[in-house]
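Asks: Pasted the sequence and its predicted model underneath.
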Amino acid sequence: MRHFLNLREHSPAALRALADRALMIKRGEATPGAIKGRTLVMLFFNSSLRTRASFEAAMGRFGGSAIVLNVGSDTWSLETRDGVRMDGDAPEHVREAAAVLGRYGDAVAVRSFATMRDHGADFADAIVRAFAAYADVPVISMESASEHPCQGLTDWVTMIEQLRETRGRRFTLTWAPHVKPLPMAVPHSAVLAAAAAGMLVTIARPRGYALRPEIMATARQWAAAGGGSIEETENHTDARRGADVLYVKSWGAAFADNAGPVNNPNLADWLVTRDHLGQDTRLMHCLPVRRNVVIADDALDDPRSVVIDQAENRLWAQAAILDAVFNAERGA
Ligand code: CP
């Protein structure tokens, strides 16, 4: 595995092997030995709590080290467009920055959110792909506009841990309100992971909030191959009923005015509460989560919420990813 930029460019079998390896590392049955002595350069264009801390923890715990840079505050701002006259705010181009960081690190990890201004341009993931093109070392996406692959793999790890057998189990992704429109990266990767896991996937979302067609096409293909299914509905009440996993996430509409709908009082009943949890439902969310906007206190604090275990599993999933990337780099 040269790069880990998204889930959709890997096979479900390869991703399942990574998820299994992550659980073995967590149980102490495997060691990600390729991390030892390696340096990961982490570049953040956007804020993070879990991603930053879990990558640093994985590198440190298994004998590597991490360099963390926040673009624009403790590095130069970067120009990402090709062929432009750089007479604006950004004094450095991504071509030089990526090439230089690749000389310091054995891999470069990049976080760059969607701009939410042009969903088509966002989906091209220009920044992360520029690093993959120019860094000359493996590149890991720590969330781009199109996907959050480390989160998606973690979600699969968590569902295996919680359910043991994921095939044929019911996975409901439910849209939820928010104070502002958010990117689709997390729901994209969560749906892909559940489809790859052979689950019966239902996406409950208001009219106009469809996920990207490219992601849906891959998810349908993976679900069909793995014995699962994909459905979409605007009826969140039915969708939540009987879910083995209720995965909550807010995202902005791709083709609507994003300024208003998220605070639309007509959508307020999409807030997830304890009443939406079945007896054996596991409640998942990638975090951070706005309490009582996205998920009510009574659901988040319920024993059926596994959001903290899910966040912990970022550490183990990323240890498996880092090990695979470093092993591939040395031809193992
Ligand atoms: N889930 C996740 O990526 O969390 P952070 O944004 O805090 O890294």
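Replies: Received it, and whenever you're ready, just let me know what you need.

Asks: Surely residue 295 touches residue 274?
Replies: No. In this structure, residue 295 is not within contact of residue 274 by C-beta atoms under 8 Å, at 9.6 Å. (Glycine included, C-beta is placed from N, CA and C.)

Asks: Which of those two has more residues huddled nearby?
Replies: residue 295 (27 against 16; other C-beta atoms under 10 Å).

Asks: Could you list the residues in contact with the helix or strand of the chain with the lowest mean pLDDT?
Replies: Lowest by mean pLDDT, DSSP states H and E among the helices and strands of the chain is helix 119-123, with a mean of 86. Helix 119-123 is contacted from outside by 114-116, 145-146, 183, 212, 214, 254-255, using C-beta atoms under 8 Å, 6 or more residues apart in numbering.

Asks: Closest to residue 331 out of those?
Replies: residue 146 (29.2 Å; C-beta to C-beta).

Asks: got the residues of the stretch 151-300 of the chain near the ligand?
Replies: Within reach of the ligand by C-beta under 6 Å from any ligand atom, the stretch 151-300 of the chain has these residues: 151, 286-288.

Asks: Show me the shaky parts of the chain.
Replies: 254-263, 332 (pLDDT under 70).

Asks: now the strands for it?
Replies: Counting by DSSP state E, the chain has these strands, from start to end: 39-44, 65-70, 78-79, 92-93, 107-111, 139-141, 170-175, 200-204, 229-233, 245-249, 282-284.

Asks: Could you dump those into CSV with mean neighbour count and distance to residue 311 added?
Replies: Formatted as CSV, these follow (neighbours: other C-beta atoms under 10 Å; distance: least, C-beta to C-beta, whole Å):
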stretch, mean neighbour count, distance to residue 311
strand 39-44, 23, 18
strand 65-70, 16, 18
strand 78-79, 20, 29
strand 92-93, 17, 33
strand 107-111, 27, 16
strand 139-141, 27, 18
strand 170-175, 25, 18
strand 200-204, 24, 22
strand 229-233, 16, 26
strand 245-249, 26, 14
strand 282-284, 24, 10
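
Asks: Contact residues of the stretch 1-150 of the chain facing the ligand?
Replies: Counting by C-beta under 6 Å from any ligand atom, the residues of the stretch 1-150 of the chain that sit close to the ligand are 48-51, 143.

Asks: Which of those fall within helices?
Replies: When helices are assigned by DSSP state H, the members of those inside them are 50-51.

Asks: I'd like to know which of the residues of the stretch 1-150 of the chain next to the ligand are buried.
Replies: Neighbour-count burial (16 or more other C-beta atoms under 10 Å) applied to these gives 48, 50-51, 143.

Asks: just wondering, since we're on residue 243, how far is it from residue 100?
Replies: 47 Å (C-beta to C-beta, to the nearest Å).

Asks: more neighbours, these two?
Replies: Comparing residue 243 with residue 100 by other C-beta under 10 Å, the one with more neighbours is residue 243, at 24 against 14.

Asks: And the more buried one, how far from residue 171?
Replies: In terms of C-beta to C-beta, residue 243 sits 7 Å off from residue 171.

Asks: tell me, what's touching those two both at once?
Replies: residue 202.

Asks: Please consider this matter closed, and thank you.
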